[in-house]
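Trainee: Kindly return the folded structure for what I paste below:
(chains A and B, ligands or ions: 2)
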Amino acid sequence: MSDQTAAIDIPAVQTEPRQKPVEAPNENGAGGGMFAFRAALPQRIEAAIAVGWCLVLLLAWEVSVRMGWVSSLFFPPPSIVLTRLWEMTAHEDLIYQAGVSTLRVWMAFGVSALMAVPIGIVMSSYRVVGAALEPVIDFIRYLPVPALVPLSIIWLGVGEETKIFLLWLGTFFQLVLLIADDARRAPHEYIEIAFTVGAKPRHILTDVCFRSMLPSMFDSFRITLGWCWTYLIIAEIVAADSGLGFVIWTARRYMHTADVMAGVVAIGIIGLVTDQILRRMHKRLFRYL
Amino acid sequence: MSEPYLFFHGITKRFGDTEVVAPFFDLKIAHNEFVVFLGPSGCGKTTLMRMVGGLEMPTTGQILLEGELAGPPDRRRGMVFQSYSSFPWLTLAENVAYGMRYRGDLSAEEKRERCSHYLEMVGLADFADAYPNRVSGGMRQRVAIARTLAAGSEVLLMDEPFGALDAQRRERLQAELRKIHRRDAKTVVFVTHDVEEAVFLADRIIVFSRRPARMLADLDVLSILGPDRPISLRDEERFFRLRTEVLQMVRAAAGDDE
Ligand SMILES: Nc1ncnc2c1ncn2[C@@H]1O[C@H](COP(=O)(O)OP(=O)(O)OP(=O)(O)O)[C@@H](O)[C@H]1O
Ligand SMILES: [Mg+2]
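Mentor: Residues are numbered from 1 along each chain as shown, chains lettered A, B, ... in the order given. Ligands and ions are numbered 1, 2, ... in the order given. This next block holds a predicted model:
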């Protein structure tokens, strides 16, 4: 394109009257658009609202304690909880304890996953196996883990095994059903494509079913890993001399409410960070989705 | 015809109490023939086609391919589905190459060559490294076609492969499929309930009744429209006339007892 035509084109475009952005039909006054039923919300505003509300709640809490409306023995204000969290991290052994807990969670989760993946896949691929295992698994799945604490102590004592066992108990039976479900959801078209290019049944499992279920399996992992943290506290409260559950439980004994809360916050932070990392990994690994 | 290439020999098919194919269904298909199964929704076209692929067993009767029992699925009979027709986790090139994955008779070099050859043939050479979610539905169907060709399938089984595409893409792809069929002679069984598509593509149209499927008509389109099917064929009088004729036949079939 020559300069001349460009020179003619540009002003022509600019003098065009600008179109007003289309407004929501039920907009009612200043900023009312975002309160319309099921209205879209820009991501930045959404994040701002989320963070803003958290800050407001924390501030309300802080003020309530400072004004003496609620007892700081029971509700230490956020400023003190955060200070304690910092002190425990920097000068006490919170990092170590968090490390111990994380290790336990990942160990138990690893065992669960290693068992759940093959068993879940086999359960969904061979109805015979599924029919045999599903009732048992369903039964155990609904047993509350705390109810099994006495049994596991009788069986395994109060050592490391008990904790891992309890975590495993809480996750394996859930995970195996999730995995079985993921495997079942592989579209039969994929399997038939494989057969019609000459695949044998043994290829189907690895080349098709496993590949097609990977993204949802990864999600199942992410979800059960979160549950693992729930059971960790139970396991560590019952019998432990280390870990975040132990820290929280010890602090409770001395009514160090701020320390209890700091421990809880630490778990929350670890959970949040892990989840975010796994979400990112999911996005990178499964870019084809 | 001494020995039919593909032979539906006295087929019946029922799922539980549902009779899907009326008793003693017989059909002979010649080598390199492009046969379209046309019929009302739910009449059993897919089931019949899947039986050729070995994905469904006839309740009684046999399907013979070159005189031999067709049996369980293998790469002689390739499938192109309407959806989930390619693997989302493989690039287009990898999807085409997947057709040869279980072939021990080709060297890696030969596989690579065939892969680019068929990608080229379906016009996707420029998108070799894209994932299916990045390309149009029409391209995904072409990949599936290329995969079956790369696999060396002799019979292409296509179940409403263009059903989810918009009209323009559909027409283009139909013309291309006809060209591929001309160039790379294959026997095609193509299922659709779109009359225009059927007339445009087919050497031969089998019109089915409502379920249980019976053969209502066996139309020789090849002798009327010839083997070449340019897109402009759609504007021709003979195409129109044939389409109307088939349309009336299908309406009658669908209206059997409605
Ligand atoms: N696996 C199966 N189990 C039970 N019934 C089935 C099964 N597969 C198909 N059918 C039934 O058989 C009948 C014919 O199905 P089929 O898919 O062959 O029809 P179709 O002609 O391809 O229909 P459409 O045009 O809707 O794709 C339908 O009524 C369907 O519900
Ligand atoms: Mg069908």
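
Trainee: How about the backbone phi and psi for whatever residue of the stretch 151-258 of chain B ends up closest to chain A?
Mentor: Nearest to chain A, among the residues of the stretch 151-258 of chain B, is B:Ala151, at 4.4 Å (C-beta to the nearest C-beta). (C-beta placed from N, C-alpha, C; glycine too.) Phi and psi for B:Ala151, reported as degrees, to the nearest 10, are phi -70, psi -20.

Trainee: For the closest residue in space to it that isn't next to it in sequence, grab the count of nearby residues.
Mentor: Spatial nearest neighbour of B:Ala151, excluding adjacent residues (C-beta to C-beta, 6 or more residues apart in numbering or on different chains): B:Gly99 at 3.4 Å. B:Gly99 sits with 28 neighbouring residues when counted by other C-beta atoms under 10 Å in any protein chain shown.

Trainee: Quick check: closest non-adjacent residue to residue 221.
Mentor: Just going to use chain A. Per C-beta to C-beta, 6+ apart, closest to A:Phe221 is A:Ala113, 6.2 Å.

Trainee: Please refer instead to chain B.
Mentor: Nearest non-adjacent residue to B:Val221 (C-beta to C-beta, 6+ apart): B:Ala202, at 4.7 Å.

Trainee: and the one you found, what pLDDT?
Mentor: Per-residue confidence (pLDDT) for B:Ala202: 95.

Trainee: per-domain residue ranges of chain B.
Mentor: Per automatic domain parsing, the structural domains of chain B span B:1-76+B:155-258, B:78-152.

Trainee: least reliable of the ones you listed going by mean pLDDT?
Mentor: domain B:1-76+B:155-258 (a mean of 90).

Trainee: For A:Leu225, give me its contacts.
Mentor: A:Val105, A:Phe109, A:Thr171, A:Thr274, A:Leu278 (C-beta atoms under 8 Å, 6 or more residues apart in numbering or on different chains).

Trainee: now with 10 Å?
Mentor: A:Val105, A:Trp106, A:Ala108, A:Phe109, A:Ser112, A:Ala113, A:Thr171, A:Leu175, A:Gly271, A:Thr274, A:Asp275, A:Leu278 (C-beta atoms under 10 Å, 6 or more residues apart in numbering or on different chains).

Trainee: My guess is the third one contacts A:Val145. True?
Mentor: Think A:Ala108. No: assessed by C-beta atoms under 10 Å, A:Ala108 is found out of contact with A:Val145, at 11.5 Å.

Trainee: shared neighbours of these two, anything?
Mentor: Common neighbours of A:Ala108 and A:Val145, using C-beta under 10 Å, 6+ apart, are A:Leu166, A:Leu167, A:Trp168, A:Leu169, A:Gly170, A:Thr171, A:Tyr231, A:Ala235.

Trainee: With B:Ala151 as the reference, measure out to B:Ala130.
Mentor: 21 Å (C-beta to C-beta, to the nearest Å).

Trainee: Settle it for me: which of these two has more neighbours?
Mentor: Between B:Ala130 and B:Ala151, B:Ala151 has the larger neighbour count (other C-beta under 10 Å), namely 28 against 16.

Trainee: Could you report the distance from that one to B:Cys115?
Mentor: 11 Å.

Trainee: Flag every residue of the stretch 1-150 of chain B that's near ligand 1.
Mentor: Contact residues (C-beta under 6 Å from any ligand atom) of the stretch 1-150 of chain B with ligand 1: B:Phe15, B:Thr18, B:Val20, B:Gly39, B:Ser41, B:Gly42, B:Cys43, B:Gly44, B:Lys45, B:Thr46, B:Thr47.

Trainee: Can you name the residues that contact the third one?
Mentor: Read it as B:Val20. Neighbour list for B:Val20: B:11-14, B:42-48, B:56, B:59, B:211-213 [criterion: C-beta under 10 Å, 6+ apart].

Trainee: who touches the residue nearest to it when sequence neighbours are not counted in this structure?
Mentor: Spatial nearest neighbour of B:Val20, excluding adjacent residues (C-beta to C-beta, 6+ apart): B:Gly44 at 4.3 Å. Listed by C-beta under 10 Å, 6+ apart, the contact partners of B:Gly44 are B:13, B:15, B:18-22, B:25, B:37, B:51, B:208-214.

Trainee: Show me where chain A has its helices.
Mentor: For chain A, the helices defined by DSSP state H cover A:3-15, A:43-66, A:78-90, A:94-125, A:127-141, A:149-156, A:160-184, A:188-196, A:201-203, A:211-238, A:244-253, A:257-285.

Trainee: right, is the shortest one up against chain B?
Mentor: Yes: using C-beta under 10 Å from any C-beta of the partner chain, helix A:201-203 reaches chain B at A:Pro201, A:His203.

Trainee: List the buried residues of that helix.
Mentor: Along helix A:201-203, these residues count as buried under the neighbour rule (16 or more other C-beta atoms under 10 Å in any protein chain shown): A:His203.

Trainee: Same question for the second one.
Mentor: Of the residues in helix A:43-66, those buried by neighbour count under the rule 16+ other C-beta under 10 Å are A:Trp61, A:Val65.

Trainee: Please enumerate residues in contact with that helix?
Mentor: Contacts of helix A:43-66 (C-beta under 10 Å, 6+ apart): A:34, A:40-42, A:69-72, A:74-82.

Trainee: Now the buried members of those.
Mentor: With neighbours counted by 16+ other C-beta under 10 Å, the contacts of helix A:43-66 contain buried members at A:Phe75, A:Pro76, A:Pro77, A:Pro78, A:Ile80, A:Val81.

Trainee: I'd like to know how far the residue nearest to A:Phe221 sits from B:Gly39.
Mentor: 48 Å.

Trainee: do B:Arg243 as well
Mentor: Distance, B:Arg243 to B:Gly39, using C-beta to C-beta: 16 Å.

Trainee: Looking at the two, which has the bigger crowd around it?
Mentor: Neighbour count, other C-beta under 10 Å: between B:Arg243 and B:Gly39, B:Gly39 has more, with 27 against 16.

Trainee: and residue 176, how many neighbours does it have?
Mentor: Since no chain was named, I'll use chain A. Neighbours of A:Val176 (other C-beta under 10 Å): 26.

Trainee: that's the wrong chain, I wanted chain B
Mentor: What B:Glu176 shows, counting by other C-beta under 10 Å, is a neighbour count of 17.

Trainee: which bits of the stretch 151-258 of chain B sit near chain A?
Mentor: So the stretch 151-258 of chain B meets chain A at B:Ala151, B:Gly152, B:Ser153, B:Val155, B:Leu157, B:Asp159 (C-beta under 10 Å from any C-beta).

Trainee: Might you specify the subset of those residues located within helices?
Mentor: Those of these lying in helices (DSSP H): B:Ala151.

Trainee: ok, now which ones touch residue 254?
Mentor: Here I'm looking at chain A. A:Val260.

Trainee: not what I meant, chain B
Mentor: Per C-beta under 10 Å, 6+ apart, neighbours of B:Ala254: B:Gly39, B:Pro40, B:Ser41, B:Cys43, B:His193, B:Ser209, B:Arg210.
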